[in-house]
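S.K.: Using only what follows, build the 3D model:
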Amino acid sequence: MFRDMRRAKQKLPRESCEAILSNGTYGVLAVLGDEGYPYAVPLNYVYQNGRIVFHSAKTGHKVDALASCDKASFCVVDKDTVVPEEYTTYFRSVIAFGRVRTIDDPVEKRAAIDALARKYHPIDTAEHRNAAIDREWMPLQMYELIIEHLSGKEAIELVRAKHKQN
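M.R.: Residues are numbered from 1 along each chain as shown. Below you'll find the predicted structure:
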């Protein structure tokens, strides 16, 4: 169903892909938008238990696209070092493919937004975090992308550098 990576030497192991997802601060969600055009939107997220959790308003292009088709991809770039003299970048990135579902259960929704809040403000107090969540609760929609396929790739120069170190 999902394609094999063409440049297999540059493929990252699953553990590395999951580390990139865990440590990333934003990613780009790509969905099927209006009139069949792709729609890609950067967003904050948290990765946990094989899923990517993110928030949204209850209306908008992303919401309409996901209501129409639940398939999506999500890309996180971990490294992007420009190397002008080589006309390239030394990159490392991950793409997750899967299906997105709305988190409707209030307990599950609360846990999801709490995990997201903890990621972006890990030293906040529970009292302050809960007050912020309560203020945004009504207009807030939570989603999860359940990963069906995960692939990561890095520049061949990074692969070669690792082999030199070993």
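S.K.: how about Ser68, what does it touch?
M.R.: Counting by Cβ atoms under 8 Å, 6 or more residues apart in numbering, Ser68 touches Leu32. Where you see a C-beta, it was placed from the backbone N, CA and C, and this is true even at glycine.
S.K.: how about a cut-off of 10 Å?
M.R.: Counting by Cβ atoms under 10 Å, 6 or more residues apart in numbering, Ser68 makes contact with Val31, Leu32, Gly33, Asp34.
S.K.: Arg92 contacts Lys162, correct?
M.R.: No: using Cβ atoms under 10 Å, Arg92 makes no contact with Lys162, being 11.2 Å away.
S.K.: more neighbours, the two?
M.R.: Neighbour count, other Cβ atoms under 10 Å: between Arg92 and Lys162, Arg92 has more, with 21 against 10.
S.K.: Tell me which strands the strand or helix carrying that one pairs with, and in which orientation.
M.R.: Using DSSP states H and E, Arg92 maps to strand 88-102. Strand 88-102 sits in its sheet next to strand 71-83 (antiparallel), strand 141-154 (antiparallel), going by DSSP bridges.
S.K.: What's the first helix or strand after that strand?
M.R.: Next element after strand 88-102 (DSSP H and E): helix 106-120.
S.K.: what angle do that next one and strand 141-154 make?
M.R.: Using axes from the mean of the first three to the mean of the last three Cα atoms, to 10 degrees, the inter-axis angle of helix 106-120 relative to strand 141-154 is 50 degrees.
S.K.: Specify which member of the contacts of Ser68 is nearest to Asp80.
M.R.: Val31 (23.2 Å; Cβ to Cβ).
S.K.: and that closest one, which of the three is it?
M.R.: For Val31, the secondary structure call by DSSP: H, G, I helix; E, B strand; the rest coil comes out as strand.
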